[in-house]
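Participant: Got a sequence here, can you model it:
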Amino acid sequence: MARYLGIDYGTKRIGIALSDEGRKIAFPRDIVSNEWKTFLPYITNLVKKEEVRGIVIGLAKGFGGQETNMTREIRRFTKKLELELFCPIYFEDEILSTQAASRGPTKREKIDAASAALILQSYLDRKNMIQ
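Facilitator: Alright, predicted model coming up:
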């Protein structure tokens, strides 16, 4: 069975999460450098190895829902990723996901991966509720 992959994009680090094979539960996976030459081989390998069939990227917006500089940066990143991977990409609102991850028992150095898991879990919950 296929999995979904979650991404919490940051200007320095990118948090990664993976779903279980049943696509019900998201788990924090890794934190990767934002440098494209490091990130691209990592993500390409992970997508193949884990049979990823969809990528969910947290989309940062302002509190009023407006586009911000980070929103535009995430959209540019997504366009580059779409050119490299033949995998559907979906956006999920990431509002306050990092703050929520920070409140739990997660170690500071793993917050980006925990945030990616929260983003992915939000998407999975919404998708599974619709089905």
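Participant: where in this protein is pLDDT low?
Facilitator: 1, 95-109, 130-131 (pLDDT under 70).
Participant: again, 90 this time
Facilitator: Applying pLDDT under 90 to the chain flags residues 1-2, 60-68, 86, 93-111, 126-131.
Participant: So which elements touch the helix ranked longest in the chain?
Facilitator: Criterion DSSP state H: the longest helix present in the chain is helix 111-130. Counting contacts by 3 or more Cβ pairs under 8 Å, 6 or more residues apart in numbering; DSSP states H and E, helix 111-130 is packed against strand 3-9, strand 13-19, strand 26-33, strand 52-59, strand 89-93, helix 97-103. For the C-beta atoms, the positions are set from N, CA and C on the backbone; glycine is no exception.
Participant: got the buried residues for that helix?
Facilitator: For helix 111-130, a neighbour-count test (16 or more other Cβ atoms under 10 Å) marks 111-124, 127 as buried.
Participant: Output stretch 58-67 in PDB with nothing but the alpha carbons.
Facilitator: The C-alpha trace of stretch 58-67 is given here as PDB (Å, rounded to 0.1, in the frame of the first residue of the first chain):
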ATOM      1  CA  GLY A  58       2.000  22.900   4.800                       C
ATOM      2  CA  LEU A  59       1.000  26.200   3.300                       C
ATOM      3  CA  ALA A  60       1.700  29.200   5.600                       C
ATOM      4  CA  LYS A  61      -0.700  32.100   5.300                       C
ATOM      5  CA  GLY A  62      -1.300  35.200   7.300                       C
ATOM      6  CA  PHE A  63      -4.000  35.100  10.100                       C
ATOM      7  CA  GLY A  64      -6.500  36.700   7.700                       C
ATOM      8  CA  GLY A  65      -5.800  34.000   5.100                       C
ATOM      9  CA  GLN A  66      -3.700  36.400   2.900                       C
ATOM     10  CA  GLU A  67      -0.600  35.300   1.000                       C
END
